[in-house]
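Asks: Sequence and predicted structure, then a few things I'm wondering about:
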Amino acid sequence: DETKEASLNITTNELNNLNISVTGVPNATIPLNESMPLPLKRNRRVRTKLDKLEAGLQRARAAIKDAKNSSQLLDPDYVPIGPMYWDAKAFHRSYMEMEKQFKVFVYREGEPPVFHDGPCKSIYSMEGNFIYQMDVNTKFRTNDPEKAHVFYLPFSVAKMVQFVYLRDSRDFGPIRRTVIDYVNVVSEKYPYWNRSLGADHFMLACHDWGPEASFSNPYLGKNSIRALCNANTSEKFNPVKDVSIPEMNLRTGKLTGLVGGPSASRRPILAFFAGGVHGPIRPILLEHWEGKDDEIKVHKYLPKGINYYEMMRSSKYCLCPSGYEVASPRI
């Protein structure tokens, strides 16, 4: 009766949410009585910052999945087309989601020249330029580690070789201990390394000893993202998680002036290469193409009067055959 229903102190909406039915009888319900337990009010789960971070990634994954089945006309930001993409729409949506929410936390620990510094005028210049860009460009950097998707270990292997390694000693121990000590410092001060065993951390190195330095800590080499110029599978480069970084020999220390040039249709040379003959691949390239085709310019050394950078700007493709190591700067 109404008195009993009132004593239960249950709203109509709560009754509707119970959805109690009798099997085989359409629209039949079981009235509440003393033998039925009252519905328990569930406490709302408190969402942590990590939960919110993961929720954002879930939304991004859903948007990428939806992009595969959508028409490009429905996406006003759609740009890429062509067979070079496994799925052009998914790739573009993934890139857009990255630009919208991707954040990097740079550990503040460590002092120059080994940490927060790097060469900007050598074949290892990408180490210094990347660290500099992370310091001055705030688009992807966050000062709140709770909002970060990845964590950057800002050490320079090239600077370790210069200031930590004892020249001609063949003792890698000082570099190994430097890396171990730094990981220990950040893992003791912050919870993030231990939370993922380094899987959401990354390092960047253009020195040949970058891969070796990464294995100073087993989790750094096995789990962490390694951005390497020496992206050689013979040195355990893992394309599933690691990133290949182009090696650039910057004479001025600046990246300006290296991009642009005429469109591909206005470049008369199909492919170009000029470099020393070392490693197993370059001799084969020279044997097949040196002086044999007007559209493919392959040289051991450039003839006098020909500018290397102008040749690159006149070429549709830049050949980059590996020497003894994968790290072979073309710029």
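Replies: Alright, I've got the coordinates. Please read all numbers here as calculations on a predicted model, not as lab measurements.
Asks: which parts of the helix ranked longest in the chain are buried?
Replies: Ranked by residue count, the top helix of the chain under DSSP state H comes out as helix 49-69. Buried residues in helix 49-69, counted by 16 or more other CB atoms under 10 Å: Leu53, Gly56, Ala60, Ala63, Ile64, Ala67. C-beta: built from backbone N, CA, C; applies to glycine.
Asks: which SS class is Glu212?
Replies: helix (DSSP: H, G, I helix; E, B strand; the rest coil).
Asks: What distance do you get for the closest residue to it other than its chain neighbours to Cys229?
Replies: Among residues not flanking Glu212 along the chain, Phe172 sits closest, at 6.6 Å (CB to CB, 6 or more residues apart in numbering). Using CB to CB, to the nearest Å, we find Phe172 at a distance of 19 Å from Cys229.
Asks: Please apply the same query to Ile64.
Replies: Plainly put, Ile64 is 29 Å away from Cys229 if you go by CB to CB.
Asks: and Lys241, what is it in contact with?
Replies: For Lys241, the contact set (CB atoms under 8 Å, 6 or more residues apart in numbering) comprises Asn223, Ser224, Ile225, Arg226.
Asks: Model confidence at it, what's the number?
Replies: pLDDT for Lys241: 97.
Asks: Could you tell me the phi and psi values at it?
Replies: For Lys241, the backbone dihedrals (degrees, to the nearest 10) come out as phi -120, psi -20.
Asks: Give me the distance between it and Ser265.
Replies: Plainly put, Lys241 is 38 Å away from Ser265 if you go by CB to CB.
Asks: One more: Pro174?
Replies: 53 Å.
Asks: okay, the two: which has more neighbours?
Replies: More neighbours surround Pro174 than the other of Pro174 and Ser265, with 14 against 6 (other CB atoms under 10 Å).
Asks: On the three-state scheme, that one is what?
Replies: With three-state DSSP as the criterion, Pro174 reads helix.
Asks: from what I can see it touches Gln162, true?
Replies: No. Between Pro174 and Gln162 there is no contact under CB atoms under 8 Å: 11.8 Å.
Asks: show me the contacts for the residue nearest to Glu212.
Replies: When contacts are counted by CB under 8 Å, 6+ apart, Phe172 is found next to Tyr165, Trp209, Glu212.
Asks: buried subset of those residues?
Replies: Buried members of the contacts of Phe172, scored by 16+ other CB under 10 Å, are Tyr165, Trp209, Glu212.
Asks: Output those residues in JSON lines; the columns should cover distance to Arg330.
Replies: Formatted as JSON lines, the buried ones among the contacts of Phe172 follow (distance: CB to CB, whole Å):
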{"residue": "Tyr165", "distance to Arg330": "27"}
{"residue": "Trp209", "distance to Arg330": "22"}
{"residue": "Glu212", "distance to Arg330": "24"}
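Asks: Which of these sits closest to Asn129?
Replies: Nearest to Asn129 among the buried ones among the contacts of Phe172: Trp209, at 18.9 Å, using CB to CB.
Asks: Nearest residue to that closest one in space, please, no chain neighbours.
Replies: Using CB to CB, 6+ apart, the closest residue to Trp209 is Val157 (5.7 Å).
Asks: ok, that neighbour - contacts?
Replies: Glu127, Ile175, Ala205, Cys206, His207, Trp209, Gly210, Ala213.
Asks: Quickly check those for the two that are furthest apart.
Replies: Farthest apart among the contacts of Val157 - using CB to CB - are Ile175 and Cys206, which lie 14.9 Å from each other.
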